[in-house]
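Participant: Structure for this input, please:
(one chain, ligands or ions: 2)
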Amino acid sequence: MPKKKQKVPFYSPGVKFECTGCGACCKLGGGFVYPSLEDVGFAARHLDMSVKEFTDTYMDKHEREYVFKNDGDNCIFYGENGCTIYEARPTQCRTYPFWKANLKSKYRWKITEEECEGIGQGKHFSFVEIEAIKNQTSQTPAGPSPEELKVQK
Ligand code: SF4
Ligand code: SF4
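Facilitator: Ligands and ions are numbered 1, 2, ... in the order given. Now for the predicted structure:
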């Protein structure tokens, strides 16, 4: 049987990206951040708090998932000068914009480019680097495809 031809991802030549610190991604989807247990541990340690203190103070439940609190728009850690726990920000934040959901198709990436002004600037990330970032855990779920949402292209 002939081998099925593998689709070449649109980002195989690599992508330029450098964060400008604009903060737009801290407001995406109402600012919901879904940290892993490890992320919570890092952030708590960064703030010199116990995990219990940290979760009582900064975490909420949204649709049965634990999230960082937000004010209905921004993540609770978003301050005047950007992220106040930048060095200990969760995987979801560290891996943006190279999320599986964003890299799923060229169309999804185009939407991401509109959200993130850092795409197309600065460092060139190779395909291998992007794959490594993409495959880190605790990112947001892939979500429905544009076809399912019946979005006009
Ligand atoms: S939207 Fe992009 S450029 Fe702006 S803070 Fe987020 S990652 Fe950085
Ligand atoms: S933890 Fe920091 S980087 Fe992540 S959404 Fe909140 S403010 Fe933004």
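
Participant: List of residues touching the biggest strand by length in the chain?
Facilitator: Longest among the strand segments of the chain by residue count, using DSSP state E, is strand 119-125. When contacts are defined by Cβ atoms under 8 Å, 6 or more residues apart in numbering, strand 119-125 is touched by residues 14-18, 20, 97-98, 112-113, 133. Every C-beta, even on glycine, is put in place using the N, C-alpha and C of the backbone.

Participant: Now, of these, which are buried?
Facilitator: Neighbour-count burial within those applies to 15, 17, 97-98, 112, 133; the criterion is 16 or more other Cβ atoms under 10 Å.

Participant: neighbours of Phe42, just the number please.
Facilitator: Residues lying near Phe42 (other Cβ atoms under 10 Å) number 18.

Participant: Hmm, it is touching Ala88, no?
Facilitator: Yes. Contact criterion Cβ atoms under 8 Å: Phe42 and Ala88 qualify, at 4.6 Å.

Participant: Tabulate the CA atom coordinates of the one helix or strand Glu114 maps to in PDB.
Facilitator: Under the criterion of DSSP states H and E, Glu114 resides in helix 106-115. C-alpha atoms of helix 106-115 as PDB (Å, rounded to 0.1, in the frame of the first residue of the first chain):
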ATOM      1  CA  LYS A 106      -2.800  28.600   8.900                       C
ATOM      2  CA  TYR A 107      -6.200  30.100   9.500                       C
ATOM      3  CA  ARG A 108      -5.900  29.800  13.300                       C
ATOM      4  CA  TRP A 109      -2.400  31.300  13.100                       C
ATOM      5  CA  LYS A 110      -3.700  34.300  11.200                       C
ATOM      6  CA  ILE A 111      -6.200  35.000  14.000                       C
ATOM      7  CA  THR A 112      -3.300  34.600  16.500                       C
ATOM      8  CA  GLU A 113      -1.200  37.100  14.500                       C
ATOM      9  CA  GLU A 114      -4.000  39.600  14.900                       C
ATOM     10  CA  GLU A 115      -4.000  39.000  18.700                       C
END
